[in-house]
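Novice: Please find the sequence and the predicted model below.
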Amino acid sequence: MIRPTPDPQERRVLIFAPIGKDAALLEAALARQDIATAICGGVGVLARALDDGAAAVVLTEEALGAAEPLVAEFLAQQPPWSDLPVLLLTNQGADSPAVARATQTLGNVTLLERPVRVSTLSSAVRTALRARERQYRTRAHLHERQLVDQQKDQFLAVLAHELRNPLAPIRNAVQILRLSETGSPPPRLWDMMERQIAHMVRLVDDLMEVSRITRGKIELRNEHIELATVLDTAIETSRPLIDSARLELEVALPSEKLYLHADPVRLAQVFANLLNNAAKFTDPGGRISIVARREHNTTVVSVSDSGIGISAEALPAIFNMFMQADSSAQRRHSGLGIGLTIARSLVEMHGGRISARSEGPGKGSQFIVRLPLAGATDAQKHSVKLATHPLEGAPRVLVVDDNRDAADSLGTLLQMLGATVEVVHTGRAALQAIDTFKPAILFLDLGMPEIDGYEIARSVRARAELHDVTLIAVTGWGQEKDRNRTHAAGFDHHLVKPANVDQLKTMLRSAARVH
């Protein structure tokens, strides 16, 4: 951890002058200037003092033989913010080989030829102290940033955890209804629900990597997709904002199907950002249009609005981070100004480009996205359906979660996949069920009161007769440190909520083969 402010030891000047009265004279001269000092009587004392902290070091030329290797090693290990000043009192001429070597190895060296006047000495020391103080301010700034980053990471981790919890029973319920085949809504509704849940899951994952979004370092999951499907998703996402602003939306798509090799969630995010941006900066009663067309081997999608427009001065920087064309407090949902930056980054990652046009304030704006087209494939002409038949030979499964909705819906889903399932909601009940129900797989929530998932896992692994039991952590915590912790506790798998049916089927099949 970077220290926020210097302590008293870090404001002192270390003096290493082991011959004669130099050390005492230097200490007395600097004391008259109210400069704190510490005399180091030997190399070992100097080493410990450097470790404790110093604002500067005063060495004499005679001390270089003993002190130079130590000081050079210490300086080589300084953190990036630090450049410890060294004041070297030389003999007349200041051109000895030892001095020349010291100026090379010690870096930030000020040479003071003896006899040195007290005013010259104090001036040089004060200059060194001012430089060191600036370094300490840099360190304090880095500490503040480090503390903002830790708080941000903690906030995002907690937020992701809290958002995943309600997503788990929602996804389970959707998949249960799909598999039930009784009173099912139209397939289009199922597709919409699954698509929006998948979209939410991906966005929750991105909360943990928000800096990667702005730096364009997101891993794309490209598929062969139809442009119209992406635009439908974007419109569906933005529709509540557009409707609440009482805006008219016009959509014009070509009659031919335009295919892309792209990440459907990311492209939907691009166009949703553009539609949201148009809605934010268009007054009630205005119009938004989204138009797609083919230009040779490129698809061109334009999002236009009748809103406030963009000034000529703001237009060149409109895609920059935190750029706000209108920062007035009255503007609806102004946001942080990163939506267009993210849109540009994602478009460029797909091999495309994005541009903006406006005739000026009050005359609306237009954003144009150009993306390379791909050919149609037979794989896209047939949607993949979830298997509705249960797995054969699925094992006995114990589900443990104090969130009753999550536990009960996961248990029902596992039953529909062919497993024999028991559901409990406390750690104590889980330990009893392990002996009576004798499960082959345990799906364990981690953060339960009294007896948590980790304690249950350690209890299972401590019993030789249960060494074949498969332990699966089901949790909203998905960082690498969380996975390392579950692995250390004896879990076989780390499943981040909400789990999908394919993951569950794979785990059931694997356990069935073992047992």
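Specialist: Yep, it's here. Numbers count the residues shown, from 1 in each chain.
Novice: Please pull up the helix or strand immediately following the helix or strand of the chain with the lowest mean pLDDT.
Specialist: With mean pLDDT, DSSP states H and E as the measure, the helix or strand of the chain carrying the lowest mean pLDDT is helix 210-214 (a mean of 60). Proceeding N to C from helix 210-214, the next assigned helix or strand is strand 223-226, under DSSP states H and E.
Novice: For the stretch 201-350 of the chain, give me the ranges with low pLDDT.
Specialist: The stretch 201-350 of the chain contains residues with pLDDT under 70 at 202-217, 321-338.
Novice: Sketch out the strands for it, chain order is fine.
Specialist: Under the criterion DSSP state E, counting those that start in this stretch, strands of the stretch 201-350 of the chain are mapped to 223-226, 248-252, 259-262, 287-295, 298-305.
Novice: cool, the stretch 351-500 of the chain as well?
Specialist: Taking DSSP E, counting those that start in this stretch as the test, the strands found in the stretch 351-500 of the chain are 353-357, 365-372, 396-400, 420-424, 441-444, 470-475, 493-496.
Novice: looking at those strands, which is buried most?
Specialist: Among the strands of the stretch 351-500 of the chain, judged by mean count of other CB atoms under 10 Å, the one packed with the most neighbours on average is strand 441-444 (a mean of 27). C-beta here means a position set from N, CA and C on the backbone, and glycine is covered the same way.
Novice: what sits up against that one?
Specialist: Strand 441-444 is touched from outside by 395-401, 410, 414, 419, 430, 434, 453, 456-457, 460, 469-474, 491, 495, 507-508, 511, with contacts defined as CB atoms under 8 Å, 6 or more residues apart in numbering.
Novice: 7 Å instead, please
Specialist: The set of residues that contact strand 441-444 without belonging to it, under CB atoms under 7 Å, 6 or more residues apart in numbering, is 395, 397-400, 410, 453, 456-457, 469-474, 507, 511.
Novice: Please apply the same query to stretch 464-480.
Specialist: 157, 160-161, 164-165, 208, 401, 439-446, 453, 457, 460, 486, 490-497, 499, 507, 511, 514-515.
Novice: what does stretch 59-67 give?
Specialist: Counting by CB under 7 Å, 6+ apart, residues outside stretch 59-67 touching it are 16-19, 22, 43, 46, 86, 88-91, 96, 98-99, 102.
Novice: one more time with 8 Å
Specialist: Taking contacts as CB under 8 Å, 6+ apart, the residues outside stretch 59-67 that touch it are 16-19, 22, 43, 46, 71, 86-91, 96, 98-99, 102.
Novice: With just CA atoms, put it into PDB.
Specialist: Output in PDB follows, covering the C-alpha atoms of stretch 59-67 (Å, rounded to 0.1, in the frame of the first residue of the first chain):
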ATOM      1  CA  LEU A  59      27.700  11.900   1.800                       C
ATOM      2  CA  THR A  60      31.400  12.900   1.900                       C
ATOM      3  CA  GLU A  61      33.800  11.900  -0.800                       C
ATOM      4  CA  GLU A  62      35.800   9.800   1.700                       C
ATOM      5  CA  ALA A  63      32.600   7.800   2.600                       C
ATOM      6  CA  LEU A  64      32.000   6.700  -1.000                       C
ATOM      7  CA  GLY A  65      34.000   3.500  -0.800                       C
ATOM      8  CA  ALA A  66      31.700   2.200   1.900                       C
ATOM      9  CA  ALA A  67      28.400   3.900   1.100                       C
END
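Novice: Domain-wise, how is this structure divided?
Specialist: As assigned by automatic domain parsing, the chain contains the domains 8-142, 199-381, 396-514.
Novice: Among those, which comes closest to residue 169?
Specialist: domain 396-514 (4.1 Å; CB to CB).
Novice: From the chain's centroid, how far away is that closest one?
Specialist: Using CA atoms, centre = their mean, to the nearest Å, the distance from the centre of domain 396-514 to the centre of the chain it belongs to is 28 Å.
Novice: Equivalent analysis for stretch 110-117, please.
Specialist: Between the mean C-alpha point of stretch 110-117 and the mean C-alpha point of its chain there is a distance of 52 Å (CA atoms, centre = their mean).
Novice: List the buried residues of it.
Specialist: For stretch 110-117, a neighbour-count test (16 or more other CB atoms under 10 Å) marks 110-113 as buried.
Novice: Just the terminal-to-terminal distance for stretch 303-318.
Specialist: 15 Å (CA to CA, to the nearest Å).
Novice: buried stuff in that stretch?
Specialist: Of all the residues in stretch 303-318, those buried under the rule 16+ other CB under 10 Å are 303-310, 314-315, 318.
Novice: same check, this time on stretch 494-504
Specialist: For stretch 494-504, a neighbour-count test (16+ other CB under 10 Å) marks 494-501, 504 as buried.
Novice: Show me what that stretch is in contact with.
Specialist: 164-165, 167-172, 175, 179, 197, 201, 386, 406, 410, 413-414, 417, 443, 472-478, 482-483, 486-487, 507.
Novice: now those residues: which count as buried?
Specialist: Among the contacts of stretch 494-504, the ones that count as buried by 16+ other CB under 10 Å are 164-165, 167-172, 175, 179, 197, 201, 406, 410, 413-414, 417, 443, 472-478, 482-483, 486, 507.
Novice: Now do the lengthiest helix in the chain: which elements does it pack against?
Specialist: Under DSSP state H, the helix in the chain containing the largest number of residues is helix 118-180. Using 3 or more CB pairs under 8 Å, 6 or more residues apart in numbering; DSSP states H and E as the contact criterion, the neighbours of helix 118-180 among helices and strands are strand 13-16, helix 22-31, strand 56-60, strand 86-90, strand 109-113, helix 187-207, helix 404-416.
Novice: Of all those, which one is nearest residue 139?
Specialist: strand 56-60 (15.8 Å).
Novice: what angle do that closest one and strand 109-113 make?
Specialist: Here strand 56-60 runs at an angle of 40 degrees relative to strand 109-113 (axes from the mean of the first three to the mean of the last three CA atoms, to 10 degrees).
Novice: will you turn the strands of the stretch 201-350 of the chain into CSV that also has distance to residue 153?
Specialist: Listed next are the strands of the stretch 201-350 of the chain as CSV, based on distance: least, CB to CB, whole Å:
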stretch, distance to residue 153
strand 223-226, 31
strand 248-252, 38
strand 259-262, 30
strand 287-295, 36
strand 298-305, 34
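Novice: contacting residues for residue 169?
Specialist: 403, 405-406, 409, 498.
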